[in-house]
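*Asks:* Sequence below, structure please.
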Amino acid sequence: FNSMFSGAFPDIDQLQRTCKLTFQPRWKQSEGGVKIGPASSSPDDKGFDRLLPLYSSPLAAYREPNEAAAMYLHALFALRDRKLGIVEANFAPLVDTFCSCLLNNKEALLKDIANGTALGAQTLGASPDTLSQLAPLLTANASRARELSEAFGSDTAHETGESGMPTMPLLRKL
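*Replies:* So this is what the prediction gives:
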């Protein structure tokens, strides 16, 4: 699908992408044998891989079993994308968690973007398999890191709400 679509529309990479916040599901089974799992879309859904060209994160980030590391990876790939258009989640607390991840890991994210690494995700416990799959996709981008550093500013306190979460003006700059 992706190769056919990009062949028909060669400038497809110029479109805005979405930072889709979803994670590897943890399935359980009830005592009665009923499968219990997520109420929202996940990387295991049929056809999920066909939507990947629309998302900022690659499949390996969605398959990361450690949710903190996966959130960091979503933040990393979202910040790398100058044309990011939307942060999408089925539940508002995920957007709040994403914003916390941005602010709490600002320095590590900027360093990873500048150096083309995912050391912040490694520190959070990302699996070696995930990191090896992502390594070829991560290229050093010092100019993007500088842009983001300027957008974050040295003091972002004036651009966060009472909860400490980024305000819309800060998010627009990123």
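
*Asks:* And for Pro43, the neighbour number?
*Replies:* Neighbour count of Pro43, defined by other Cβ atoms under 10 Å: 20. Where you see a C-beta, it was placed from the backbone N, CA and C, and this is true even at glycine.

*Asks:* My guess is it contacts Tyr62. True?
*Replies:* Yes - using Cβ atoms under 8 Å, Pro43 is in contact with Tyr62, at 3.9 Å.

*Asks:* for this protein, what spans make up the helices?
*Replies:* In the chain, the segments counted as helices under DSSP state H are 2-8, 48-51, 59-63, 67-80, 92-104, 106-115, 119-123, 128-134, 142-152, 168-173.

*Asks:* quick one: buried residues of the fifth one?
*Replies:* The reference is to helix 92-104. Leu94, Val95, Thr97, Phe98, Cys99, Ser100, Cys101, Leu102, Leu103 (16 or more other Cβ atoms under 10 Å).

*Asks:* any chance of the helices of the chain in CSV, with mean pLDDT too?
*Replies:* Formatted as CSV, the helices of the chain follow (pLDDT from 0 to 100):
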stretch, mean pLDDT
helix 2-8, 62
helix 48-51, 78
helix 59-63, 93
helix 67-80, 96
helix 92-104, 90
helix 106-115, 97
helix 119-123, 97
helix 128-134, 97
helix 142-152, 91
helix 168-173, 54
